[in-house]
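In: Requesting a structural model of the entry that follows:
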Amino acid sequence: MKKLILIAVVSLFSLSLFAQEGLQGTWFATSQFGYTQTKNGDAKATNLTILPIVGKFVTPSVAVGLGIGTINVKNEDALGTNAKTNLFVAQPLVRKYWNIVGNFYFFGQVAAPIISGKEKESDLKISQYGLTASGGFDFFVTKNFSVEFSYNLANFSLTTLDPAVGEKTTITDFSLAHVANVESTYNGAMAGSNPTLTTPLSFGFKFLF
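Out: Residues are numbered from 1 along each chain as shown. Next up, the predicted model:
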């Protein structure tokens, strides 16, 4: 029992010292992961998003980071593959933290996702440039581990669909506190797979070292 009390006291002291000194020089790693599969008879649509993110606190309360990953979309039925898309994602970001109480923080984030790739069945080139502003809460369970929750407050994106034959389609989207939705033209190009490139609500874990 005494050992448990000692460990708890040392942990609380370490976290208090951590809060006082700030986070400058600390690296962090997290990831965004999403998987969706929809089946309707012989038809199946699958969406997979993997976006590892690494960053560093350049001041006691400001962090910069970069996420690099992929979005894979596949739609198939009994006749074969209707759409198969591999998208590359690069997302630089900046965060500002404010301590609320103890190990509980509020943060604001600005990110600029860049998405590009091709739908292989129709040879359709896809590119998207965006800017998102979000706010969230971060609770540091230990000095090296935290749990965070965030929500998109504003989102702007410019998506270009460039087919092998025909005219380009440009989709401009701006929304405040938006709910995830899929533009009908883009959804049609992906054979009705309902791919969502931005996630308004996010919950995850972060490791610091």
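In: show me where the protein has helices.
Out: 2-21, 184-189 (DSSP state H).
In: Where among those helices is average confidence lowest?
Out: With a mean of 42, helix 2-21 has the lowest mean pLDDT of the helices of the chain.
In: which non-adjacent residue is nearest residue 120?
Out: Spatial nearest neighbour of residue 120, excluding adjacent residues (C-beta to C-beta, 6 or more residues apart in numbering): residue 84 at 4.9 Å. C-beta coordinates here come from the backbone N, C-alpha and C atoms, glycine included.
In: What's the local residue count around the one you found?
Out: 19 (other C-beta atoms under 10 Å).
In: Okay, and the beta partners of it?
Out: residue 74 (DSSP bridges).
In: confidence score at the residue nearest in space to the middle of the chain?
Out: By C-alpha atoms, centre = their mean, the mean C-alpha position of the chain lies nearest to residue 32, the distance being 4.9 Å. In this model, residue 32 is scored at 80, pLDDT.
In: Check the gap between the nearest residue to it once chain neighbours are set aside and residue 44 for me.
Out: In space, and not counting its chain neighbours, residue 32 is closest to residue 51: 4.2 Å by C-beta to C-beta, 6+ apart. Counting by C-beta to C-beta, to the nearest Å, the gap between residue 51 and residue 44 amounts to 23 Å.
In: out of the two, which sits in the more crowded spot?
Out: With neighbours defined as other C-beta under 10 Å, residue 51 and residue 44 compare such that residue 51 has more, 19 against 14.
In: Next one: residue 70 from residue 134, what distance?
Out: 21 Å.
In: Which one of these two is surrounded by more residues?
Out: In this view residue 70 and residue 134 are compared by other C-beta under 10 Å, and residue 134 has more residues nearby, 20 against 14.
In: my read: the more buried one touches residue 96, true?
Out: No - assessed by C-beta atoms under 8 Å, residue 134 is found out of contact with residue 96, at 11.6 Å.
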